[in-house]
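S.K.: Pasting a predicted model and its sequence here:
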Amino acid sequence: MKLRNRIFISLLALTATLSSVAQTTDNNKYMYVDPEAAKPETSGGDLFSFGFGYGGYYPYTGPVFTATPNLSFYFDNTTFKHIGPGNISVGALFSFKQIATGYSDYNGMYNYYQEWNYYIAGARIAYHIAPFQSKKVDLYAGGMVGYYFTGFKFTSNDPNYGDAADPGNYLSINHYPNFFAASVFTGVRSWFNSKGCVWADIGYGYTTFNFGFSYKL
C-alpha cells in the first residue's frame, strides 16, 4: 500500500475517534445529574418549627369569649423516604391556647371570670409530596392525636359564690377535665434556602388555620 493511502486511512480513523469522543462528552453534558443537586429539599432531615394557629375545636362554646392564638412548637423527622412520589414524616407537637369569658349579674354588682388554659402534647404523622418542578415547594397532609391538659381559673368579686345557692356558684367549678382528641390538616410549605421554609395549613382539631416557620437541623 502506498504511503499516501496509509496516511489518508489514518486520518480518517483519527477523525472518527475524535468525533465519537466529542459526541460522548456532549451527551454527558445533558444527561449527567449531580445527585446532591437533584435531591429535593423535602428529602429528609430533622425539622424544628414554630407556628401560630387560629380557631380550632375546644369544649367551651359560650356566646362571648376571647381566645389567644395557638402557640405551637413542632419537631418532625422524615423517617420514611421516597414512599411513592413523596416522604412520610413523624414528629411531636407542643401547643398552648387560652380561652376566657366573663359574666356580670343582672344588677351589675358582681363580675365572674372564667379562664381555660390548654396545654397540648401530640404525636403527628404527615405525607409530603412535591408535585411541582421546583424543589422549593411541597404539599402535605396528615393527622395528629393529642392529649389536652386543661387548666381552669375562676375569679369573682362576689363574696358568696362558694354557696351552693349563689347564681355564680356553678361558674366556679371546672367542668372540663383533661382529654384526648384527634386533628387532621393539609397545607403547603415553601423553602427559601436549604435550611429554612415557611408553611401554612388548614384543618380540624387543635387549630383551623395555622402558619409558621421551619428550620432544618
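M.R.: That came in fine, so what should we check first?
S.K.: Skip ahead from the helix or strand of the chain with the lowest mean pLDDT and say which helix or strand is next.
M.R.: Least confident helix or strand of the chain, by mean pLDDT, DSSP states H and E, is helix 35-38 with a mean of 42. On the C-terminal side of helix 35-38, the nearest following helix or strand under DSSP states H and E is strand 46-54.
S.K.: elements contacting that following strand?
M.R.: Here strand 46-54 touches strand 70-83, strand 86-104, strand 209-216, going by 3 or more CB pairs under 8 Å, 6 or more residues apart in numbering; DSSP states H and E. To be clear about C-beta, it is placed using only N, CA and C from the backbone, and glycine gets the same treatment.
S.K.: okay if I get those as a markdown table plus mean pLDDT and distance to residue 142?
M.R.: Converted to a markdown table, these look like this (pLDDT from 0 to 100; distance: least, CB to CB, whole Å):
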| stretch | mean pLDDT | distance to residue 142 |
| --- | --- | --- |
| strand 70-83 | 91 | 10 |
| strand 86-104 | 94 | 8 |
| strand 209-216 | 96 | 12 |
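S.K.: Which one of these lies nearest to residue 190?
M.R.: Among the helices and strands packed on strand 46-54, the nearest to residue 190 by CB to CB is strand 209-216 (10.3 Å).
S.K.: tilt between that closest one and strand 46-54?
M.R.: Going by axes from the mean of the first three to the mean of the last three CA atoms, to 10 degrees, strand 209-216 is angled at 160 degrees with respect to strand 46-54.
S.K.: what helices or strands is strand 209-216 leaning on?
M.R.: With contacts defined as 3+ CB pairs under 8 Å, 6+ apart, strand 209-216 has these neighbours: strand 46-54, strand 70-83, strand 179-191, strand 196-204.
S.K.: quick one: strands adjacent to the last one?
M.R.: Sheet pairing of strand 196-204 (DSSP bridges) gives strand 179-191 (antiparallel), strand 209-216 (antiparallel).
S.K.: What is the end-to-end distance of stretch 129-145?
M.R.: 22 Å (CA to CA, to the nearest Å).
S.K.: Buried residues, that stretch. List them.
M.R.: Buried residues in stretch 129-145, defined by neighbour count with 16 or more other CB atoms under 10 Å: 130, 135, 136, 137, 138, 139, 140, 142, 143, 144.
S.K.: what does stretch 161-177 give?
M.R.: Quick answer for stretch 161-177 (16+ other CB under 10 Å): 161, 166, 168, 169, 171, 172, 176.
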